[in-house]
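what would the 3D arrangement of this be:
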Amino acid sequence: MKLKTHINIALGYFFVIALLGVLMRLFQVIDISINYKYILHSHSHIALLGWVYTGLTTLIYKFYLIDKPIDKKYKLLFWSTQVTIIGMLLTFPFIGYAIPSIFFSTLFLIVSYWFTYLFLKHTSAEQKKTYSYKLIRASLWFMVLSSIGPWTLGVIMNTLGSASSLYRNAIYFYLHFQYNGWFIIALFGILFFVFEKYSIYIPKKIFNIFFYLFSLGVILTFALSVLWMKPYPVFYILAGVGGLFQIVAFGVLFRKILQNKEKLKSSLTIIEGGLLKTVALLIIVKLIFQVLGAFPIIAEVISSNIDFVIGYLHWVFLGVVSISIFAFLNHFKLLVISKNKYTIYLIGFILTESLLIYKGSVNWLGYPLINNYYTFLTVASVLFFLAILILFIDQFRNQRR
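This next block holds a predicted model:
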């Protein structure tokens, strides 16, 4: 029940960011006397640090630490983390980047290091032999690595200013290693935990190919984040090689998963299988676009078109990451996902992605937008909000039952 409470809190953050998302869409439809950038900062911070971080760390704690003698430490850590997130939620919407919001976001980094320390210190020798542990450990180190970005922002602002290329690259550094390192590799770690739970055998050679190529790909594809500067050709090559490494890594793993599909199918519910199939498709598309984005012509189009960038970030966050978390929370009885709830969510996802890609495309080609475009985008965002609202309410109903 304690962990279900933690997931209720994570869902609460998802509800808040869905509400903030609708509010951000409304800026283009009606006059709102609120600072848009402040809402954007709130939306992004609570999305990454509230919903995803809380969801992933709760699952990691359940798998590796729940039976260790650290209950009081973890309780203190969990609630300290929530104080930092709520602090950001109560400051960013009203003052943006200022001393109070920077204080809470900095404090969050420190408590995230504490979680990493507890995980590394208290997992058993037997757990450390598993493939799932190796992936989770790597993901946490990528999370720590990503924090270099925020730590350097203060120095860059005071010396070069927020308009400098280093400032932008520091933000991209953080986002890249959060999304592609911490989030996605942690989710693969959870997937391997499911494999180990149901004795789905992955040969060591296959795991090593997947683990090292995919992890190296995470590092190399950071080059994609600096292509907006039109750097030396070597950066395009590194980005392309990193993208190809990840395609090969995922292909090797996916082939092995297909060989075990009947055993995996019998271990998952129909809705969980459907969610993970959706995620597999979304990852394949993501990996293909990573490689395409390494070509100079395409890189220039993407870097100069904010709608393509937002569409990609939402593709990963709302698609790959959030749907995976839904599947795993449902599987481990921390959340109940029904076909109807997921259908509403998926429709909202498809509509918003389609509209963002459409706007990016017409801007690129020089065509005018359709009438009432922003109204349509707002309605699509409302579907997300409704899906999360229903999920949030039903979570409490199910617990009472």
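
local confidence estimate at the closest residue to residue 369 other than its chain neighbours?
Leaving out its chain neighbours, the residue that sits closest to residue 369 by Cβ to Cβ, 6 or more residues apart in numbering is residue 362, at 6.0 Å. For glycine as for every other residue, the C-beta is placed from the backbone atoms N, C-alpha and C. Listed pLDDT for residue 362 reads 93.

residue 362 in helix, strand or coil?
Under the three-state scheme (DSSP: H, G, I helix; E, B strand; the rest coil), residue 362 adopts helix.

surely it touches residue 355?
No: under the criterion of Cβ atoms under 8 Å, residue 362 is not in contact with residue 355, lying 10.8 Å apart.

the two - which one has more neighbours?
residue 355 (22 against 15; other Cβ atoms under 10 Å).

what about the helices in the stretch 1-150 of the chain?
Using DSSP state H, counting those that start in this stretch, the helices of the stretch 1-150 of the chain run over 2-26, 36-45, 53-60, 71-95, 99-122, 131-146, 148-159.

to clarify, my last question referred to the stretch 301-401 of the chain.
Under DSSP H, counting those that start in this stretch, the stretch 301-401 of the chain gives helices at 306-314, 322-331, 339-365, 373-400.

highest mean neighbour count out of these?
Highest mean neighbour count of those: helix 322-331, a mean of 24 (counted as mean count of other Cβ atoms under 10 Å).

give me the low-pLDDT residue ranges for the stretch 1-150 of the chain?
1 (pLDDT under 70).

what's the closest residue to residue 54 other than its chain neighbours in contact with, if anything?
Spatially, and ignoring its direct neighbours in sequence, residue 54 is nearest to residue 10 (3.9 Å; Cβ to Cβ, 6+ apart). Shown in contact with residue 10 (Cβ atoms under 8 Å, 6 or more residues apart in numbering): 50-51, 54-55, 58.

between the residues you listed, which is nearest residue 269?
residue 55 (18.9 Å; Cβ to Cβ).

run a quick neighbour tally on the closest one.
27.

ok, it - contacts?
7, 10, 325, 329.

give me the distance between the closest residue in space to residue 166 that isn't next to it in sequence and residue 171.
Counting by Cβ to Cβ, 6+ apart, residue 156 is the residue found nearest to residue 166 once chain neighbours are left out, at 5.1 Å. Per Cβ to Cβ, to the nearest Å, residue 156 is found 10 Å from residue 171.

ok, residue 179 next?
12 Å.

what about the two, which has more around it?
Neighbours per residue (other Cβ under 10 Å) separate residue 179 from residue 171, with residue 179 holding more: 22 against 18.

give me the neighbour count for residue 14.
27.

check contacts around the closest residue to it other than its chain neighbours.
Of all residues not flanking residue 14 in the chain, residue 51 sits nearest, at 4.3 Å (Cβ to Cβ, 6+ apart). With contact set as Cβ under 8 Å, 6+ apart, residue 51 has these partners: 10-11, 13-14, 17, 322.

before we move on, the earlier item: single out the most deeply packed of the helices of the stretch 1-150 of the chain.
helix 53-60 (a mean of 25).

what pLDDT is listed against the residue nearest to residue 166?
86.

wait, isn't it in contact with residue 169?
No: in this structure residue 156 lies outside contact range of residue 169 using Cβ under 8 Å: 9.1 Å.

nearest residue to residue 25 other than its sequence neighbours?
The nearest residue in space to residue 25 (Cβ to Cβ, 6+ apart) is residue 378, at 4.0 Å.

contacting residues for residue 228?
Applying Cβ under 8 Å, 6+ apart, the residues contacting residue 228 are 168, 299, 303-304.

now with 7 Å, please.
residue 303 (Cβ atoms under 7 Å, 6 or more residues apart in numbering).

where's residue 178 relative to residue 271, distance?
28 Å.

the two - which one has more neighbours?
It is residue 178, of residue 178 and residue 271, that has more neighbours when counted by other Cβ under 10 Å, with 24 against 18.

contact partners for the nearest residue to the more buried one once chain neighbours are set aside?
Counting by Cβ to Cβ, 6+ apart, residue 146 is the residue found nearest to residue 178 once chain neighbours are left out, at 4.8 Å. Residues near residue 146 by Cβ under 7 Å, 6+ apart: 174, 177-178, 181-182.

out of the residues you listed, who's nearest residue 99?
Nearest member of the contacts of residue 146 to residue 99, counting by Cβ to Cβ, is residue 174, at 19.9 Å.

hang on, the earlier thing: same list (the helices of the stretch 1-150 of the chain) but as CSV, adding distance to residue 276.
CSV is the format used below for those (distance: least, Cβ to Cβ, whole Å):
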stretch, distance to residue 276
helix 2-26, 19
helix 36-45, 26
helix 53-60, 15
helix 71-95, 27
helix 99-122, 24
helix 131-146, 16
helix 148-159, 30
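
save the contacts of residue 10 as CSV, and put in distance to residue 239 too.
Listed next are those as CSV, based on distance: Cβ to Cβ, whole Å:
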residue, distance to residue 239
50, 30
51, 29
54, 31
55, 29
58, 34
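
and which of those is nearest to residue 371?
When the contacts of residue 10 are compared against residue 371 (criterion: Cβ to Cβ), the nearest one is residue 51, at 33.8 Å.

follow-up on the earlier one: make TSV out of the contacts of residue 51 and add distance to residue 345.
Below are the contacts of residue 51 laid out as TSV (distance: Cβ to Cβ, whole Å):
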residue	distance to residue 345
10	15
11	12
13	16
14	11
17	14
322	8
